[in-house]
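Engineer: I'll drop the sequence and a predicted model, then ask my questions.
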Amino acid sequence: MPLTLTQTALALLLVGLASSVGGYVYGHHQGAAEQLAASNARAVQQLASVIDATDMLVANANDASRSLRNAQEALRAADNQSTEVMKRALAKTATTRDGCVFDADVMQQLAASRERAAQRAAAGVRHSVPAASAASQ
């Protein structure tokens, strides 16, 4: 039995409606996938930025640590030099120090040491402090 005009129109309408719904679902799926891909790309970019910032912080921390080690080593060398200067100054008058009498050279070294210690306390570890005077060695 051949289809009537109404049946044919109804069949075409159903096919068109089904195609439209299928196209809508496919387009919606594609749009959601594109949005997800864009969101993932932004997340990857943000993570790369965080990793770069972390690498920079680690490098800065390593530089600061190296600088602090160098400052501590310089401080240790300055302390050793001051100690040696003081030992030599005290050794010169070791036999005459009954009753804790010190000569002017020792007293000057003590005053200079006190001044360097005050400067170091005020300036911090990383700033240089004048070394013990070579003239008084």
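Structural biologist: Arrived safely.
Engineer: how far is the helix or strand where residue 52 lies from where the chain is centred?
Structural biologist: For residue 52, the host element (DSSP states H and E) is helix 5-92. Centroid separation for helix 5-92 versus its chain: 15 Å, with CA atoms, centre = their mean, to the nearest Å.
Engineer: start the count at 49, not 1, going forward
Structural biologist: Taking 49 as the first residue, the last one we looked at is helix 53-140.
Engineer: helices or strands next to it in the packing?
Structural biologist: Contact partners of helix 53-140 among helices and strands, from 3 or more CB pairs under 8 Å, 6 or more residues apart in numbering; DSSP states H and E: helix 152-171. (Each C-beta comes from the backbone N, C-alpha and C, glycine too.)
Engineer: flag every buried residue along the helix it packs on.
Structural biologist: 154, 157, 160-161, 164, 168 (16 or more other CB atoms under 10 Å).
Engineer: of those, closest to residue 116?
Structural biologist: Within the set of these, residue 168 lies nearest residue 116; the separation is 14.5 Å, counting by CB to CB.
Engineer: average pLDDT for the helix holding residue 100?
Structural biologist: Averaging pLDDT along helix 53-140 gives 90.
Engineer: so that helix versus helix 152-171, what angle?
Structural biologist: Between helix 53-140 and helix 152-171, the angle comes out at 170 degrees (axes from the mean of the first three to the mean of the last three CA atoms, to 10 degrees).
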